[in-house]
Structures are given as structure tokens and as C-alpha cells.
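**Q** okay, structure incoming, though there's no sequence with it:
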């Protein structure tokens, strides 16, 4: 099967360590993924706030390219891109008229059969069974698995994991020797695209997440979304200000945690790129 | 019931606001409810009244721009009312009718700067987006402190990434956005 890869814009910029760690992990397990040629931005939260048609056309171009290039499945590590692509695909498949108007906008036919999978589905499908045998150094730490909102909602469309208390990331952490904690903010939103215009609100929303994780003794927060990561990591000064003290709990991508456990060098996983220093290995 | 507001919303989004019986679960679970001028369930109630003053209040509220479409409300709604979809509709209407809340201007500037960058090259350049945002908001110094560490961590690309077929992106924007 031809497995496609859609990096999305964040993974080329502020979240390049996510890109690096996904690719390093795939390589360590001999999985070949090919990037969709000439991919464009999915429109993220900006497009659907301004124009419904634009918010469908941008993902539709990506889906059409994926189909044209013969991909059956596409791995989309960014939770926001995953959400936009899956939701657009669902909506266009529900409404034939809308689909044909979007096909006209992108000037490409859309067969819309390609399966969009997030990073946890990718790991579960291609890697999970082989992780235990490959673990070189157990990741023996208490972790808070943070799924955020876009990975699991809207559940009716995504149909991934449990909507209020997802467990797939916790299971992966158990396999590499970590202890996932029971905590209260698994799927609360971090403040997402308020990051630039309302950093105060991101400080508050992400602050609640960081505080709960730290209070329960998490040595790291594990994430699968570049937006969650940059809010929890890069906005730590605003978070610390909201909480009223400095919290040094690092935020690590699920691919980085597994990568460390299977013996990939920290530099190859981009751990040096975080704002909050990652001291645990 | 077949009032105008509900009819417009149903026609554009397919969502039936008359199904809402005001249980308040959406507002209870909304992470931004504390910061909103009208909480999600109140917005739905105001729309249900089909009153022009209420409609105007909703369209010029800050709430509709604070909403991040985290989808918690629909996840918990006993009637599965797609509030995020209504929020998208309200934001679009609010821009069309030029009644965006003054408090939300920066958020709208962020979205516009984001889309400008995509329109230009098909992919987001954080640098281009931030420059556009700063000029729109006169917030020239925001996040300047982050720049040196972003550069040293290799997180800031100076040259924007681009799709090969820029024309296709320009054409998509032309066909799907009536006004800027």
C-alpha cells in the first residue's frame, strides 16, 4: 500500500521537531511515507472563520492531489490539519452539490476515497506491535497524555478513540515503560488560535492544563498536536504568569517519547528545539 | 416554528437551532464561557427569539470570535446541535454586515493575515503572517522577544515555503471569497 504524508505548515516552521520525530520514528520502523506533491495549507482555523467555501476548497485540493498521486492512506501528524481534512472529506461526501461546486473551485476531480489518519492511528497501525521489542531504554516517567480537542472531536465524524477520556496515547506510553496519569484536562482546548491576538487567554487556558498536570506529579506532558505544543511550550511565560509560579514540566511529542525509548538520538528527535528544556530522557 | 433567523441558519448550515431546550451543557463545558459576553447557550436562545436587536447583539458580540471551535459543546449536546458550525456562520455574517466587535478586531486581523500568507504562496509563513498582523494592529513589538530564540532553535523560516502551482491557490481564493 502506498502511504502518503501530509506535513502541514506548522511542521515546516515552528514545529519542525514534530516533523523530525515523526520521520525518524517511521525510519526506525522501516516505514516508507511519501509526501503529497505540491501540498498546500489546510486553511486551519482562519479559513472556516472567514469563508465556508474556502475552508472546504483548501483541504479539497489536498485530498484531490492525494487521490491523483495514488495514495490510499495519508498520515497527518498535525491534529488541526487532520481535523480539517477529515471534516472537509466528510462534508463533501455528504453533499453532492457542494462537492461539485468545490471541485469547480479547485479545478480538479475529487474521488475522496483516501483515508486520513492521525499520528496515533499511524502508530497504532504500523508501529505499536513492534515497539516493545525495540525498546532500548524504558521511558520510566510519570506522564500526562494531552490529546487536545481536534484529535477526538467531532466524534461523529472522526470516530477516533473515546471522546471524553481517550486512551490510545496512554496505552502507547505504557508500552514504553511510562506511567500515564489520571488527570482532568486530557481533551480541554489549549486556546488554539488565540495564541497571537489573545495571549492572555492562552496563558489562562493552557495554564490550567499545565497546572493540573504538574500538581498530579507529571514529569512530562505528552502531545500529538503542534498547536497544543506551541501554546504549552512557547507560551510558558504567559502560563507561568497566570499560575503565579514557574513550572518546568516539559511538553514532549508522542513521537519524541517513543523515539527516545527505542534509542533514537535526542537531536534527531529535535528535543533541543523546545523552549521549556527537556531534561528527562 | 419557522422564523427567519432559524430558517437562515438552517439553510446555510443545516443546523436546527429550534431543537435547543436550553439545558446549558454547552456553556457548562465551554472553556471560554467565563470570558464571553454571551455564553453559547445564551447565543442560541437569543437567536431563537428572532428579534433584530438580539440578532445584532449576537453578531457584534465578542463571544463568536473567542470561540475556537474546540467542539466540546457539540460533543456534549443532548440534541447534537452543531454550535461550532453556527459560530462559523455568525462570524462570516458579522464580517459581511460589518459589525465585528471592536474587542475582536485583533483576532480577525490574525485570521486575515493568516489567509493573506496562504493566498500569497499556498502555505503559511509564520513570518509573513506576523508582519501582516503587526501592520494591521499596530502591535509592532509583540513577540519580538521570541525572534532570537526562535531563530536559534531553527523554528522560524525566513524564506516562505511555496506550492509550485501558485495560480491554483489564487484561483481558489478568487472563487471562494467574495470580499477580502
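**A** Yep, that arrived. Since the model is a prediction, treat every value here as computed from it, not as a measurement. Numbers count the residues shown, from 1 in each chain, chains lettered A, B, ... in the order given.

**Q** just the helices in the chain please.
**A** All of this refers to chain A. Ranges of helices in chain A, per DSSP state H, are A:16-28, A:44-50, A:52-68, A:79-94, A:96-106, A:119-126, A:128-134, A:155-158, A:168-175, A:199-215, A:226-233, A:236-243, A:254-261.

**Q** ah, I was thinking of chain B
**A** B:4-13, B:25-29, B:40-48, B:52-59, B:63-66, B:72-76, B:83-96, B:105-121, B:126-137, B:146-152, B:166-176.

**Q** roughly how far is stretch A:34-46 from the heart of the chain?
**A** Distance, stretch centre to chain centre, for stretch A:34-46: 14 Å (CA atoms, centre = their mean, to the nearest Å).

**Q** what is the least confident helix or strand in chain B?
**A** Every helix and strand of chain B was ranked by mean pLDDT, DSSP states H and E. The lowest is helix B:146-152, at a mean of 90.

**Q** and that one with chain A, contact?
**A** Yes - interface with chain A: helix B:146-152 contributes B:146, B:149, B:150 (CB under 8 Å from any CB of the partner chain). From N, CA and C alone the C-beta is placed, and that goes for glycine too.

**Q** what's that helix in contact with?
**A** A:14, A:234, A:275, B:156 (CB atoms under 8 Å, 6 or more residues apart in numbering or on different chains).

**Q** need the max-distance pair from these.
**A** A:275 and B:156 (12.7 Å; CB to CB).

**Q** and for residue 45, the neighbour number?
**A** Just so you know, I chose chain A. By other CB atoms under 10 Å in any protein chain shown, 23 other residues sit near residue A:45.

**Q** try again with chain B
**A** Residue B:45: 16 neighbours (other CB under 10 Å).

**Q** gap between the nearest residue to it once chain neighbours are set aside and residue B:44?
**A** Once flanking residues are discounted, residue B:45 sits nearest to residue B:22: 6.0 Å by CB to CB, 6 or more residues apart in numbering or on different chains. In this view, residue B:22 and residue B:44 are 8 Å apart by CB to CB, to the nearest Å.

**Q** so which of the two has more stuff around it?
**A** residue B:44 (25 against 12).

**Q** let me know whether the more buried one touches residue B:20 as I believe.
**A** Yes - the pair residue B:44 / residue B:20 is scored as a contact, 4.7 Å apart, by CB atoms under 8 Å.

**Q** let me see the contact set for residue B:124.
**A** Here residue B:124 is in contact with A:9, A:10, A:13, A:41, A:44, B:114, B:117, B:118 (CB under 8 Å, 6+ apart).

**Q** so how far is residue B:13 from it?
**A** In terms of CB to CB, residue B:124 sits 26 Å off from residue B:13.

**Q** farthest residue from the center of the chain?
**A** You didn't pick a chain, so chain A it is. The outermost residue of chain A relative to its centre, with distances by CA atoms, centre = their mean, is residue A:97 at 31.4 Å.

**Q** you answered for a different chain; I wanted chain B.
**A** Chain B, CA atoms, centre = their mean, max distance from centroid: residue B:152 (32.4 Å).

**Q** quick one: it from residue A:104, how far?
**A** 46 Å.

**Q** swap in residue B:20?
**A** For residue B:20, the distance to residue A:104 - CB to CB - is 35 Å.

**Q** more neighbours: those two, which one.
**A** Legend: neighbour count by other CB under 10 Å for residue B:20 and residue A:104, higher for residue B:20 (21 against 11).

**Q** what sits against the more buried one?
**A** B:41, B:44, B:45, B:48, B:79, B:81.

**Q** wait, which of those is closest to residue B:169?
**A** Taking those together and measuring to residue B:169 by CB to CB, the closest member is residue B:81, at 34.0 Å.

**Q** pretty sure that closest one contacts residue B:17?
**A** Yes - using CB under 8 Å, residue B:81 is in contact with residue B:17, at 6.8 Å.

**Q** list residues touching both of these two?
**A** With CB under 8 Å, 6+ apart as the test, residue B:81 and residue B:17 both reach residue B:44.

**Q** low-scoring pLDDT stretches of the stretch 101-250 of chain A, where are they?
**A** Along the stretch 101-250 of chain A, no part satisfies pLDDT under 70.

**Q** quick check: residues of it near chain B?
**A** A:104-107, A:149-150, A:153-156, A:163-164, A:187-189, A:191-194, A:196-198, A:201, A:205, A:234.

**Q** of these, just the buried ones, PyMOL syntax please.
**A** This is the PyMOL syntax for the buried subset of these, where burial follows 16 or more other CB atoms under 10 Å in any protein chain shown:
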select buried, chain A and resi 105+106+149+150+153+154+155+163+187+188+189+191+192+193+194+196+197+198+201+205+234
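
**Q** of the residues of the stretch 101-250 of chain A next to chain B, which belong to strands?
**A** Among those, no member falls in strands (DSSP state E).

**Q** quick check: domain ranges of the chain?
**A** Here I'm looking at chain A. A:3-119, A:132-273 (automatic domain parsing).

**Q** wrong one, chain B
**A** Split by automatic domain parsing, chain B gives B:4-100, B:103-176.

**Q** which ones are touching residue B:136?
**A** B:109, B:112, B:113.

**Q** now pLDDT and neighbour count too, for these, in JSON lines please.
**A** Converted to JSON lines, the contacts of residue B:136 look like this (pLDDT from 0 to 100; neighbours: other CB atoms under 10 Å in any protein chain shown):
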{"residue": "B:109", "pLDDT": "96", "neighbour count": "19"}
{"residue": "B:112", "pLDDT": "96", "neighbour count": "19"}
{"residue": "B:113", "pLDDT": "96", "neighbour count": "22"}
